[in-house]
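Chemist: Dropping a prediction and its sequence here:
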Amino acid sequence: MTRLLTIVLMAILATACGYRTVIGGHVAAILEMTTAAHEAATKAANAATVAEVKQQADVVYTYVWGISSGLVRHSGAASMHGWKTRWQSTFTDFDPAFAARYGNAPPQITDPEDLGIVGRGRYIRRALTAEPDNPNEDLLPKQSVERLVSSLNNVIGWTRMDNGVTKAELQPRVDLTYQWDAPKAFWQSSADTGWLFEVQAQALNILKSNYHGDLETARQHARDLVALVEKCREGIDANHDGTISAVMMEGGLNAVMLAAQEAGLL
């Protein structure tokens, strides 16, 4: 019995270590990518030409979304791609009727390591807020996980992929209504949809703007881009109490890092 118990405990420990390593690796990756995005935005703010400003803005976009905008060499729409590509969704989650109408090809991206900050962040959140019967659920301290997820949500957005029923057909939905009891200030902030998308939008603004050689305006837009990346890293003192807590509307990626360290992920 003692030997069997030892084997079981070792198996549980191995599972816990493996789980922590995987999640911790993705947390470390988004922290590194954010640092790289900040460096690119800073280069754009100090660039010698408008073309260089745009090149570095595209680097920022790539770190956020995991793929270049395609706007450095060509004008037009950015390469956003649909939910099936970047959300790592499969039609097996929904009704066969939905799959029949929209196609049943597998998602183009199945490895989180091929995603940018947004995609990896969503992967981390999904792993840490899995179903109640997930055997890994109790392997991490819950309070640290709550702080990590809340801060991460401020950065990548509180929206999540869920499902809804239309004409008796189960379909994918982007869901934010599960936060219906959030304070009014939340809905008036940009934390609901995620600060990181302000970064993405500003990068696109720079890429799509015709500056007509006005380098100073381009640099100013890049300085604004730097500030948006810094907000994602540092968070906001939303209640003006002198501290940035790992809660809704406040915590950023620095808070994510601290919570991950508390949870033994880093």
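Modeler: The structure has been received and is ready for your questions. Numbering: from 1, shown residues only.

Chemist: Mind jotting down where the helices sit in the protein?
Modeler: Using DSSP state H, the helices assigned to the chain run over residues 2-45, 50-65, 83-86, 96-102, 117-128, 142-156, 184-188, 196-208, 215-234, 253-262.

Chemist: need the helix or strand of the chain with the lowest average pLDDT.
Modeler: For the chain, using mean pLDDT, DSSP states H and E, the weakest element among its helices and strands is helix 83-86, scoring a mean of 68.

Chemist: can you count the residues close to the closest residue to residue 214 other than its chain neighbours?
Modeler: With Cβ to Cβ, 6 or more residues apart in numbering as the criterion, residue 214 has its nearest non-adjacent residue at 7.4 Å, and that residue is residue 50. Backbone N, C-alpha and C define where each C-beta goes, glycine included. Using other Cβ atoms under 10 Å, residue 50 has 20 neighbouring residues.

Chemist: and residue 50, what does it touch?
Modeler: Residues near residue 50 by Cβ atoms under 8 Å, 6 or more residues apart in numbering: 211, 213-215, 218.

Chemist: Apply 7 Å and report the result again.
Modeler: Residues counted as contacts of residue 50 (Cβ atoms under 7 Å, 6 or more residues apart in numbering) are 211, 213, 215, 218.

Chemist: Pull the most distant pair out of the residues you listed.
Modeler: Across these, the longest distance by Cβ to Cβ is 9.2 Å; it joins 213 and 218.

Chemist: So if I had to pick from those two, which one is more boxed in?
Modeler: For residue 213 versus residue 218, neighbours defined as other Cβ under 10 Å are more numerous around residue 218 (23 against 9).

Chemist: Was I right to think that one contacts residue 211?
Modeler: Yes. The pair residue 218 and residue 211 passes the contact test of Cβ atoms under 7 Å, sitting 4.8 Å apart.

Chemist: so how far is residue 100 from the most centrally placed residue in the chain?
Modeler: Residue closest to the average C-alpha location in the chain (Cα atoms, centre = their mean): residue 118, at 2.7 Å. Per Cβ to Cβ, to the nearest Å, residue 118 is found 29 Å from residue 100.

Chemist: What does residue 237 show for phi and psi?
Modeler: Dihedral pair for residue 237: phi -80, psi 80, per degrees, to the nearest 10.

Chemist: where does it land on pLDDT?
Modeler: Residue 237 carries a pLDDT value of 97.

Chemist: before we move on, what about residue 160?
Modeler: In this model, residue 160 is scored at 79, pLDDT.

Chemist: how about it, what does it touch?
Modeler: So residue 160 contacts residue 175 (Cβ under 7 Å, 6+ apart).

Chemist: next one: residue 157
Modeler: Residues in contact with residue 157 (Cβ under 7 Å, 6+ apart) are 192-194, 197.
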